[in-house]
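Trainee: Turn this into a model:
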Amino acid sequence: MVRRTSWLAVLAGAALTLSACAGDDALDPGDGTTTSSGADGQTVVVGGANFTEMQIMQAIYVELLEDAGFTTETVSADNRELYFPELASGAIDVVPEYAATLAEFLNLGANGPGAEPIATNDAAETVEAMRPLAEEQGVILLEPAQAADQNGFAVTAEFAEENDLQTLSDLGDLDQPIVLAATEECPERPFCAPGLEETYGIEISDVLPTGFGSPQTKAAVTAGDAQLGLVATTDGRLAEDGLVLLEDDKRLQLADNLVPAVNEEAAGDALVEALNRLADELTTEDLVELNRQVDAERQQAPDVARAWLEEKGLIG
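Mentor: Numbering: from 1, shown residues only. Predicted structure coming up:
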């Protein structure tokens with residue numbers, strides 16, 4: 001298998017941190033590889049970043065591809081700067097990506113750090129805007145899913161109930177100073193404190209530099225040191241932490257919907273058909289629950305992926 005040889009060459013020449021999705025030792029050439037008949041025995045290398053949600057998405061892709069008759073290998077790296085060049089070169093065949101984040105990654109790479117943003121809060125629009133940039137690098141973008149992992153803002157369930165809060169607009173209408181637990185860069189980021197103030201009229205009196213969705217951020221909110229915390233919309237442990245998301249009802253955040261990014265040589269009809277089946281099925285609520293099962297219940301990503309696909313009737 002041509003791509004297998006290429007990927008192992010990458011291993012020898014770059015400091016990638018690789019692991020098999022199921023927790024196997026991927027440095028063994030046999031690990032992370034499973035075989036099934038059909039699709040002419042073609043092997044597909046599924047790559048991506050090395051954190052819970054990506055491991056789940058990689059496992060979902062593996063199940064769909066194997067159900068379509070492909071053989072698969074799964075590898076992961078620490079960040080996009082490492083894995084995307086391998087996707088472009090064909091060492092990796094497919095990666096689950098986030099639409100808006102990938103769009104700006106490609107945009108800045110092609111047009112420099114001062115480039116005008118091309119991502120919007122509309123998933124289809126964002127994918128179309130970055131499609132030419134992706135194709136210049138030999139990468140084809142498939143259909144984006146409904147599911148999106150975006151900046152989210154959470155309050156305690158108690159605070160939401162006391163003030164009848166469901167949306168960020170409700171919080172703005174409360175007309176009181178709000179301490180925000182978030183990243184150190186939040187006061188300068190348009191989709192963080194400035195966006196909350198300009199879009200929703202929320203008065204941010206202080207920003208505590210506790211990180212993105214970190215235990216420190218959640219603890220600051222639950223302890224009352226902050227009223228609002230910056231988290232991921234697909235965080236599966238918010239309810240366990242006594243937190244609820246406020247709806248981004250004016251769509252401040254960009255469309256970071258999940259979208260398969262495929263090397264052009266691997267993007268045959270069978271692969272495209274298999275992965276595009278996710279677009280109408282995978283929702284943000286599904287991702288929250290899948291993340292919860294892995295992070296809170298300590299289930300394995302391949303197990304929860306397979307169970308979800310079977311429940312949806314996407315694999316037989």
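Trainee: Give me the contact list for the helix or strand where residue 288 lies.
Mentor: Residue 288 is part of helix 284-295 when elements are defined by DSSP states H and E. Outside helix 284-295, the residues that touch it by CB atoms under 8 Å, 6 or more residues apart in numbering are 52-53, 55-56, 146-149, 233-237, 240, 258, 299-301, 304-305, 308. For every residue, glycine as well, the C-beta is placed using N, CA and C.
Trainee: Output the helix or strand just after that helix as CSV, restricted to C-alpha atoms.
Mentor: Moving toward the C-terminus from helix 284-295, the first helix or strand encountered (DSSP H and E) is helix 301-312. C-alpha atoms of helix 301-312 as CSV (Å, rounded to 0.1, in the frame of the first residue of the first chain):
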residue,chain,number,x,y,z
ALA,A,301,-14.1,6.1,21.4
PRO,A,302,-14.6,3.2,18.9
ASP,A,303,-17.3,1.6,21.1
VAL,A,304,-19.4,4.8,21.4
ALA,A,305,-18.9,5.6,17.7
ARG,A,306,-20.1,2.1,16.6
ALA,A,307,-23.1,2.2,18.9
TRP,A,308,-24.2,5.6,17.7
LEU,A,309,-23.8,4.6,14.0
GLU,A,310,-25.8,1.4,14.6
GLU,A,311,-28.5,3.4,16.5
LYS,A,312,-28.8,5.8,13.5
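Trainee: Okay, buried residues for helix 301-312 please.
Mentor: Neighbour-count burial for helix 301-312, with 16 or more other CB atoms under 10 Å as criterion, is recorded at 301-302, 304-306, 308-309.
Trainee: between it and helix 284-295, how many degrees?
Mentor: Helix 301-312 runs at 140 degrees relative to helix 284-295, counting by axes from the mean of the first three to the mean of the last three CA atoms, to 10 degrees.
Trainee: Tell me the helices and strands packed up against helix 301-312.
Mentor: Contact here means 3 or more CB pairs under 8 Å, 6 or more residues apart in numbering; DSSP states H and E; on that basis helix 301-312 packs against helix 52-67, helix 284-295.
Trainee: chain center to that helix, what's the gap?
Mentor: 18 Å (CA atoms, centre = their mean, to the nearest Å).
Trainee: Check stretch 142-152 too.
Mentor: On the basis of CA atoms, centre = their mean, stretch 142-152 sits 7 Å off its chain's mean C-alpha point.
Trainee: again with stretch 259-272
Mentor: The gap between where stretch 259-272 is centred and where its chain is centred comes out at 19 Å by CA atoms, centre = their mean.
Trainee: ditto for stretch 242-261
Mentor: For stretch 242-261, the distance between its averaged C-alpha position and the chain's averaged C-alpha position is 11 Å (CA atoms, centre = their mean).
Trainee: and if you look at stretch 97-108?
Mentor: Average the C-alpha atoms of stretch 97-108, do the same for its chain, and the two points are 12 Å apart (CA atoms, centre = their mean).
Trainee: Kindly report the same for stretch 132-152.
Mentor: Relative to the centre of its chain, stretch 132-152 is centred 11 Å away, using CA atoms, centre = their mean.
Trainee: What segments of the stretch 51-200 of the chain are strands?
Mentor: Here the stretch 51-200 of the chain has its strands, by DSSP state E, counting those that start in this stretch, at 71-74, 94-98, 139-141, 151-156, 178-182.
Trainee: Return the most buried member of these.
Mentor: With neighbours defined as mean count of other CB atoms under 10 Å, these peak in mean count at strand 94-98, which reaches a mean of 27.
Trainee: Show me what that one packs onto, helices and strands only.
Mentor: Using 3+ CB pairs under 8 Å, 6+ apart as the contact test, the elements touching strand 94-98 are strand 43-46, helix 52-67, helix 80-89, strand 258-263.
Trainee: Now with 10 Å, please.
Mentor: Contact analysis of strand 94-98 by 3 or more CB pairs under 10 Å, 6 or more residues apart in numbering; DSSP states H and E lists strand 43-46, helix 52-67, helix 80-89, helix 99-111, helix 123-136, strand 139-141, strand 258-263, helix 269-276 as its packing neighbours.
Trainee: Tell me which of the ones you listed lies nearest to residue 171.
Mentor: For the helices and strands packed on strand 94-98, distance to residue 171 was read as CB to CB. The smallest value, 23.3 Å, belongs to helix 99-111.
Trainee: Now do the closest one against strand 258-263, angle only.
Mentor: For helix 99-111 against strand 258-263, the angle between stretch directions is 40 degrees (the same axes, to 10 degrees).
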